[in-house]
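# pasting the sequence and the predicted coordinates here, then a few questions.
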Amino acid sequence: NDDGTLSEAAQLYVGEDRFTVREKIAEELKEKGFLKKVETITNNVGFSERTDAVIEPKLSLQWFCKMDKLAKPALENVMNDNIKFYPSKFKNSYKHWMENIKDWCIS
């Protein structure tokens with residue numbers, strides 16, 4: 001869930017906090033003899049710069065905007081100098097970006 005609690009898919013742990021459930025599962029595995037060891041692992045979990053909250057991956061529906069039809073006229077107008085960059089050295093960076101444009105995630 002968006003609030004960090006487990007969804008209905010969790011069955012036994014619906015609505016419980018993800019960190020609490022991780023500890024409960026480890027304890028249950030230990031009690032049943034399925035836990036071989038517990039160790040601290042350093043990884044690259046992201047943290048919010050503002051709130052210092054853990055940022056975890058979450059599957060969700062995403063929407064993308066196709067950029068190729070927008071990039072073509074944008075590039076043409078820069079290359080024919082209808083639009084100018086100051087300083088002009090950024091024209092090549094823009095050209096490279098527009099020629100290799102990727103669809104933008106807008107969700």
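Good, I have the coordinates. Numbers count the residues shown, from 1 in each chain.
# which residues are in contact with stretch 37-49?
Applying C-beta atoms under 8 Å, 6 or more residues apart in numbering, the contact partners of stretch 37-49 are 26, 53-56. Where you see a C-beta, it was placed from the backbone N, CA and C, and this is true even at glycine.
# buried residues in the lengthiest helix in the chain?
Criterion DSSP state H: the longest helix present in the chain is helix 18-31. Neighbour-count burial for helix 18-31 flags residue 21 (criterion: 16 or more other C-beta atoms under 10 Å).
# still on that earlier bit, distance to residue 80 and secondary structure added to the contacts of stretch 37-49, as TSV?
What follows is the contacts of stretch 37-49, written out as TSV (distance: C-beta to C-beta, whole Å; DSSP: H, G, I helix; E, B strand; the rest coil):
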residue	distance to residue 80	secondary structure
26	63	helix
53	48	coil
54	49	strand
55	43	strand
56	47	coil
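# domain ranges for the chain?
Using automatic domain parsing, the domain parsing of the chain gives 8-55, 64-105.
# select, out of these, the one closest to residue 2.
Closest approach to residue 2 among these (C-beta to C-beta): domain 8-55, 11.8 Å.
# chain center to stretch 13-20, what's the gap?
22 Å (C-alpha atoms, centre = their mean, to the nearest Å).
# look at it and report the distance between its end residues.
10 Å (C-alpha to C-alpha, to the nearest Å).
# spatially central, which residue of this protein would that be?
residue 57 (6.6 Å; C-alpha atoms, centre = their mean).
# that one and residue 36, how far apart?
25 Å (C-beta to C-beta, to the nearest Å).
# before we move on, what about residue 48?
33 Å.
# repeat for residue 80
Taken as C-beta to C-beta, the span from residue 80 to residue 36 is 66 Å.
# check residue 15 too.
For residue 15 relative to residue 36 (C-beta to C-beta), the value is 30 Å.
# equivalent analysis for residue 24, please.
Counting by C-beta to C-beta - residue 24 and residue 36 are separated by 18 Å.
# cool, and residue 30?
Distance from residue 30 to residue 36, by C-beta to C-beta: 10 Å.
# same question for residue 73.
Residue 73 is 60 Å from residue 36, by C-beta to C-beta.
# who's more crowded, those two?
A direct count of neighbours by other C-beta atoms under 10 Å for residue 73 and residue 36 places residue 73 higher, at 11 against 8.
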